[in-house]
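Q: Sequence and predicted structure are below.
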Amino acid sequence: VTVLPRNPPPNTRMAALENTSKCRVFDIDMGHGFNSVVRYLRPSNAVSRQNRLMIVHQGHGDPGDNGTDIAALRFLSNGFDVLFCAMPMSRENRWPSHIKFCQDGCGHEGMAGLENAGFNPLELFFNHLPTAIRTAQKLHQGDFSDISICGISGGAWTATLYAALD
């Protein structure tokens, strides 16, 4: 994982979100030419920190669509650290150039076609999470008292399955 310096937010709604907290950007190499960009947001007010981590996983669409930016703000205002994640093969995440981009990356149907003996595309939905959690714990300088996850659309699917796997 590479922890990037603060980068320009992808849209104005996220700019408002990032300006209310300390933000680090994780660029996570997931292998096979795929990367996942995860934002680690910390409450601005150190006194209000709860030593809790909330993963907010968006669905398909631009960062902050469908109210995920509002959810992240609410958790931040209640003292949670937040990992803000995007769906694989969407917007600022990267994937191999031979995979053609359509509205939602290659879509769920196209992802099934990526499976081979050495790669299961379901990895793209889950493998960034433990890496992001470990990196957040290092920056946080210790374990969180609890870690929770929520999401919308495909992000809710990811949250449900990841919690079940955990």
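A: Structure received.

Q: Please make it C-alpha for all contacts and neighbour counts, starting now.
A: Will do.

Q: Quick one: list the elements packing against the helix or strand encompassing residue 134.
A: Residue 134 belongs to helix 128-140 when assigned by DSSP states H and E. Secondary-structure packing of helix 128-140 (3 or more C-alpha pairs under 8 Å, 6 or more residues apart in numbering; DSSP states H and E): strand 21-31, strand 34-43.

Q: which residues sit against it?
A: Residues from elsewhere that reach helix 128-140, judged by C-alpha atoms under 8 Å, 6 or more residues apart in numbering: 1, 26, 28, 30, 36, 38, 40, 83, 143, 144.

Q: Roughly how far does the second one sit from residue 74?
A: Same thing as residue 26. Distance of residue 26 to residue 74, computed by C-alpha to C-alpha, to the nearest Å: 22 Å.

Q: coming back round to it: average pLDDT for the helix holding residue 134?
A: Taken as a whole, helix 128-140 carries a mean pLDDT of 94.

Q: could you point out which element follows it?
A: Once helix 128-140 ends, the next helix or strand along the chain (criterion: DSSP H and E) is strand 146-151.

Q: Toward the C-terminus, what is the element adjacent to that next one?
A: Next in sequence after strand 146-151, counting helices and strands by DSSP H and E, comes helix 154-165.

Q: Tell me the helices and strands packed up against that next one.
A: Partner elements for helix 154-165 (3+ C-alpha pairs under 8 Å, 6+ apart): strand 52-57, helix 123-126, strand 146-151.

Q: How far away from the center of its chain is the shortest one?
A: Yep, that's helix 123-126 we're talking about. In this view, helix 123-126 has its centroid 11 Å away from the chain centroid, taken as C-alpha atoms, centre = their mean, to the nearest Å.

Q: in stretch 115-123, what counts as buried?
A: Neighbour-count burial for stretch 115-123, counted by 16 or more other C-alpha atoms under 10 Å, picks out residue 121.

Q: Tell me the span between the first and last residue of that stretch.
A: Stretch 115-123 has an end-to-end distance of 10 Å (C-alpha to C-alpha).

Q: tell me the SS of the closest residue to residue 112 other than its chain neighbours?
A: Excluding its sequence neighbours, the residue lying closest to residue 112 (C-alpha to C-alpha, 6 or more residues apart in numbering) is residue 121, at 6.8 Å. At residue 121 the chain is in coil, as set by DSSP: H, G, I helix; E, B strand; the rest coil.

Q: residues contacting residue 121?
A: For residue 121, the contact set (C-alpha under 8 Å, 6+ apart) comprises 111, 112, 114, 115.
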